[in-house]
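Enquirer: Quick check, what structure comes out for this input:
(2 chains)
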Amino acid sequence: MRATKKKPIKSLKALGHRLSQTERQIAVLENDSGVDPFTDRLRALGLSPLRPTEISIFQVNVGKMCNQVCKHCHVDAGPDRREIMTRETMQECLDALAKSNIQTVDLTGGAPEMNPDFRWFVKGIKALGRHVIVRCNLTIIVANRKYHDLPEFFKKHNIEVVSSLPSFKARSTDRQRGNGVFERSIRALKMLNDVGYGKEGSGLTLNLVYNPSGAMLPGDQDSLEAEYKRALKRDFDIEFNHLFAITNLPISRFLDYLVASENYQRYMEELANAFNPMAAENVMCRSTLSVSWDGYMYDCDFNQMLELKVKGAAPHVRDFDLEALTNREIILNQHCYGCTAGAGSSCGGEVT
Amino acid sequence: MSDTYYDPKDLNKFGDIKDFQPELAQKFFAWYGDVFQDGALTAREKSLIALAVSHAVQCPYCIDAYTQDTLKRGCEEEELMEAVHVAAAIRGGASLVHGVQMMNKANELLM
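Expert: Below you'll find the model as predicted:
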């Protein structure tokens, strides 16, 4: 009997899905959320217009290409996405960094390592003496022989590794990230541990990211971290430094899931009811700048995916003007409730 | 008063019990919050116990709340259902163990 090959899962863009259009997503956020305008909440706190405090993180999305097609992905990344950053745009990012004192560069994607100039870019950033974070999806390390030495490469350049692992069990992980992802992630984590990542005293940081596998807020970050540490050590002898609990924002594939499963309004209500003024003070867009594969700048990775370019400053990184960017007004919409709910949420987890 | 005894929206109004008696409500919610903190038992373990008890006392509000809470804490469906089986086993066992009492009585009465 001939084995039937499983049909590959496609991005919303490749499917021609209506929510692959950002204006459709914004319309759903603005018209159908059923909760008070987010800007009203900030105005009541005297935080409107919202402006940056100090830009300390330069986040670069080096491309939407990915070896995985996660169900909740706000980037709508996948193997069928071809948008990746060129070396020329990377150089423009390096030039911008050289003109500023921003100390941390956060590399994301897609799977950033799939960009053929990824390593060149990392070396360039390190030559400027900046700290590098890579958002590694883990499975890329074991996806192909050419990526097997990534743990060594990360170690050589003392890169901080941040990796998603939505559960310490296979079922929830695979449901969200694809069949077999858990087993491959465990293999990759062992490879990272083997070179010292996550090991006490090594100075090599390995942080994990938890996000809920459904329409709910994440639980308490410290409790989850303790559970993860116990379970991963017990079941797989794996160690890591910290766990970041991140809220899923109603954008792209997660928005599609919310709408299709009729959870959208209930979820928005849960986010809005959990609005936390402390988290609002500390939202990551006040300290982060997000650059897209084609060199445009955004308030955060979410605004990037909604194609809402920075307002009040030249939007392309080649025209980088730190002062204008620091004084800009941050663009808000209903998805921002995701970053202010409960203990707050950012690319580094809770914010309170 | 609605046409049904239970309304899911009432779960979010739980805090309103303070409107009729603030001091006792305040004590209850403070104690309730402390109960579910990480302690000798983890918050996750406590949440699973709460889910099991919710089924034992058959409280729809509690089932709603602790299904959500256990999932937020990263529990999987299998764990949730095993917790429900614990409640069911104790409830079933509680009936059956009284069978011994029945047997004692029957043995007392029968020739």
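Enquirer: Enumerate the residues of chain A near chain B.
Expert: A:166-169, A:171-172, A:210, A:212-214, A:216-220, A:222-224, A:226-228, A:273 (CB under 8 Å from any CB of the partner chain). C-beta coordinates here come from the backbone N, C-alpha and C atoms, glycine included.
Enquirer: neighbours of the residue of the stretch 151-300 of chain A found nearest chain B, just the number please.
Expert: Nearest residue of the stretch 151-300 of chain A to chain B (CB to the nearest CB) works out as residue A:219 at 3.9 Å. Per other CB atoms under 10 Å in any protein chain shown, the neighbour tally for residue A:219 reads 25.
Enquirer: same check, this time on residue A:252
Expert: Neighbours of residue A:252 (other CB under 10 Å): 25.
Enquirer: Return a PyMOL selection command for the buried portion of the residues of chain A next to chain B.
Expert: Burial among the residues of chain A next to chain B is assessed by 16 or more other CB atoms under 10 Å in any protein chain shown; the matching PyMOL selection reads:
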select buried, chain A and resi 166+167+168+169+172+210+212+213+214+216+217+218+219+220+223+224+226+227+228
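Enquirer: quick one: low-confidence parts of chain B?
Expert: Within chain B, the ranges that satisfy pLDDT under 70 run B:1.
Enquirer: so where's the longest helix in it?
Expert: Of all segments of type helix in chain B, defined using DSSP state H, the longest is helix B:77-109.
Enquirer: Now it: buried residues?
Expert: B:79, B:80, B:83, B:84, B:86, B:87.
Enquirer: List the contacts of the last one.
Expert: Shown here is residue B:87, whose contacts under the criterion CB atoms under 8 Å, 6 or more residues apart in numbering or on different chains are B:52, B:53, B:54, B:55, B:56.
Enquirer: Check the second one too.
Expert: With CB under 8 Å, 6+ apart as the criterion, the residues that contact residue B:80 are B:48, B:51, B:67, B:70, B:71.
Enquirer: What of the first one?
Expert: Counting by CB under 8 Å, 6+ apart, residue B:79 makes contact with B:48, B:70.
Enquirer: Next: the third one.
Expert: The neighbours of residue B:83, taking CB under 8 Å, 6+ apart as the test, are B:48, B:49, B:51, B:52, B:55, B:70.
Enquirer: Repeat the analysis, applying 6 Å as the threshold.
Expert: The neighbours of residue B:83, taking CB atoms under 6 Å, 6 or more residues apart in numbering or on different chains as the test, are B:48, B:51, B:52.
Enquirer: Quick check: residue A:14 touching residue A:82?
Expert: No. Using CB atoms under 6 Å, residue A:14 is not in contact with residue A:82; the gap is 10.3 Å.
Enquirer: Of the two, which one has the most company?
Expert: Neighbour totals were compared for residue A:14 and residue A:82, and residue A:14 leads with 16 against 9 (other CB under 10 Å).
Enquirer: in whichever strand or helix holds the more buried one, what's buried?
Expert: Using DSSP states H and E, the element containing residue A:14 is helix A:12-15. Neighbour counts over helix A:12-15 (16+ other CB under 10 Å) mark A:12, A:13, A:14 as buried.
Enquirer: what separates the longest helix along chain A from the chain centre, distance-wise?
Expert: Secondary structure of chain A per DSSP H: the longest helix is helix A:221-236. Per CA atoms, centre = their mean, to the nearest Å, the displacement of helix A:221-236 from the mean C-alpha position of its chain is 22 Å.
Enquirer: and if you look at stretch A:225-245?
Expert: 20 Å.
Enquirer: Now do the end-to-end distance for that stretch.
Expert: Terminal residues of stretch A:225-245 are spaced 9 Å apart (CA to CA, to the nearest Å).
Enquirer: can you give me the mean pLDDT across that stretch?
Expert: For stretch A:225-245, mean pLDDT rounds to 97.
Enquirer: ok, back up a step: and the longest helix of chain A, what does it pack onto?
Expert: strand A:243-245 (3 or more CB pairs under 6 Å, 6 or more residues apart in numbering or on different chains; DSSP states H and E).
Enquirer: Note down every partner strand of the strand it packs on and its orientation.
Expert: strand A:206-210 (parallel) (DSSP bridges).
Enquirer: Dump the C-alpha coordinates for the partner strand into CSV.
Expert: Coordinates of each C-alpha in strand A:206-210 appear next as CSV, following Å, rounded to 0.1, in the frame of the first residue of the first chain:
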residue,chain,number,x,y,z
LEU,A,206,18.1,29.5,27.7
ASN,A,207,14.7,30.9,28.4
LEU,A,208,11.4,29.1,27.5
VAL,A,209,8.1,30.7,26.5
TYR,A,210,4.7,29.4,27.6
